[in-house]
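Trainee: based on what follows, work out the 3D shape:
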Amino acid sequence: MKSNSKKVITFLILNFTVCSIFYYILCFKGSMYKNQNYVLGLMWVPAVTGMITQLIYNKNLKGFGWKFGKFKYLTFSYLIPLLSSLMVYTLVWITGMGGISIDNFTTRQGSGIFIQFIFFATVGLILSSISALGEEIGWRGFLVPELAKKYSYTKTSLITSAIWAIYHYPLIIFSNYNNGTSVWFSMIFFTISVTAVSFIAVWLRLKSGSLWTGVILHASHNLFIQLFFDVITIDYGKTKYITTEFGAGLALIYTIIGIYCWRNSYKLPSLKAYSKANTVQN
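Mentor: Predicted structure coming up:
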């Protein structure tokens, strides 16, 4: 256990030390949306530092969950962000809290809405997974299995969510990674969403044994919310308090799903048995 704690601490030190370079560039040298190469670099820091840590202590990259696992868990990972955002944004449009304009999407993308949606729902997921994979190798590939060797599902989810949230805070506070509301509002509801998503992602990771559930969950979230629903939604002034990944809407839906996962954590394999099996699989 002592060695396990050292691994996690080593990973965190390496991770945030390297991340600080990208924070400086993105937070004090310009908009993060105009420096996407550095954003991609930041998202791959957890992967690189997680694999380096694993190689230092274990001399291999086993236990990350490289196999895809059962298709149904990958499907759940894909559908959770899509259906959650569909419920939130549809409610916003129906109640008049926000508007909708398909032209915003088709004009931006240069072709019909149906074709673009199909493209984003398939090829777009692969492209979105390139950046999501970087974070997920670190969080769900390395960190979750290491924490699960020592802590319960609940503690593993909470610790992961805290680290994941802190990883984003510099961009929310010092850069323009927010939805235009106050920094405190963005931080509060982003933290709630990240915590809830962590409970979902950890459940899927431990149940499936695959880090790809986290990759698809993360990629699907970024894809449909940032590149589809946010694009076609018209802001009426208060709209963003409900929509976007910093709004109250997704925070609520994700929390409900997260609670469901927490209440069904008894269905997960024994963490002790999981830990033993995880040292030799993948």
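
Trainee: residue 70 touches residue 208, doesn't it?
Mentor: Yes: between residue 70 and residue 208 there is a contact at 6.0 Å, judged by C-beta atoms under 8 Å. C-beta here means a position set from N, CA and C on the backbone, and glycine is covered the same way.

Trainee: compare the two (neighbour count), which wins?
Mentor: Higher neighbour count among residue 70 and residue 208: residue 208, with 22 against 13, using other C-beta atoms under 10 Å.

Trainee: where exactly do the strands run in the stretch 1-150 of the chain?
Mentor: 98-100 (DSSP state E, counting those that start in this stretch).

Trainee: all helices for the protein, in order.
Mentor: 2-28, 36-58, 71-95, 102-109, 113-136, 144-148, 153-174, 183-208, 212-221, 230-232, 248-263, 271-278 (DSSP state H).

Trainee: turn the ones you listed into TSV, including mean pLDDT.
Mentor: Formatted as TSV, those follow (pLDDT from 0 to 100):
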stretch	mean pLDDT
helix 2-28	92
helix 36-58	96
helix 71-95	98
helix 102-109	70
helix 113-136	90
helix 144-148	96
helix 153-174	97
helix 183-208	97
helix 212-221	98
helix 230-232	93
helix 248-263	98
helix 271-278	56
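
Trainee: how about CSV for these, with distance to residue 64 added?
Mentor: Supplementary listing: the helices of the chain in CSV, determined by distance: least, C-beta to C-beta, whole Å:
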stretch, distance to residue 64
helix 2-28, 13
helix 36-58, 7
helix 71-95, 16
helix 102-109, 35
helix 113-136, 10
helix 144-148, 7
helix 153-174, 15
helix 183-208, 10
helix 212-221, 10
helix 230-232, 32
helix 248-263, 21
helix 271-278, 9
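
Trainee: deepest of those, which one?
Mentor: Burial of the helices of the chain is given as mean neighbour count (mean count of other C-beta atoms under 10 Å); helix 212-221 ranks first at a mean of 26.

Trainee: centre of the chain versus that one, how much separation?
Mentor: 7 Å (C-alpha atoms, centre = their mean, to the nearest Å).

Trainee: so which elements touch that helix?
Mentor: Helices and strands touching helix 212-221, by 3 or more C-beta pairs under 8 Å, 6 or more residues apart in numbering; DSSP states H and E, are helix 71-95, helix 113-136, helix 183-208.

Trainee: figure out which of these is closest to residue 34.
Mentor: Closest approach to residue 34 among the helices and strands packed on helix 212-221 is made by helix 113-136 (16.3 Å; C-beta to C-beta).

Trainee: what's next to that closest one, contact-wise?
Mentor: 39-40, 43-48, 78, 102, 105-106, 109, 211, 214-216, 218-220, 222-224, 227-228 (C-beta atoms under 8 Å, 6 or more residues apart in numbering).

Trainee: make it 6 Å
Mentor: Helix 113-136 has contacts (C-beta atoms under 6 Å, 6 or more residues apart in numbering) with 40, 43-44, 46-47, 102, 106, 109, 211, 214-215, 218-219, 222-223.

Trainee: by how many degrees do that helix and helix 212-221 diverge?
Mentor: Relative orientation of helix 113-136 and helix 212-221, computed by axes from the mean of the first three to the mean of the last three C-alpha atoms, to 10 degrees: 130 degrees.

Trainee: among the helices and strands packed on helix 212-221, which is nearest residue 254?
Mentor: Set against residue 254 and scored by C-beta to C-beta, the helices and strands packed on helix 212-221 come closest in helix 183-208, at 3.8 Å.

Trainee: got the angle between the closest one and helix 248-263?
Mentor: Interaxial angle, helix 183-208 versus helix 248-263 (the same axes, to 10 degrees): 30 degrees.
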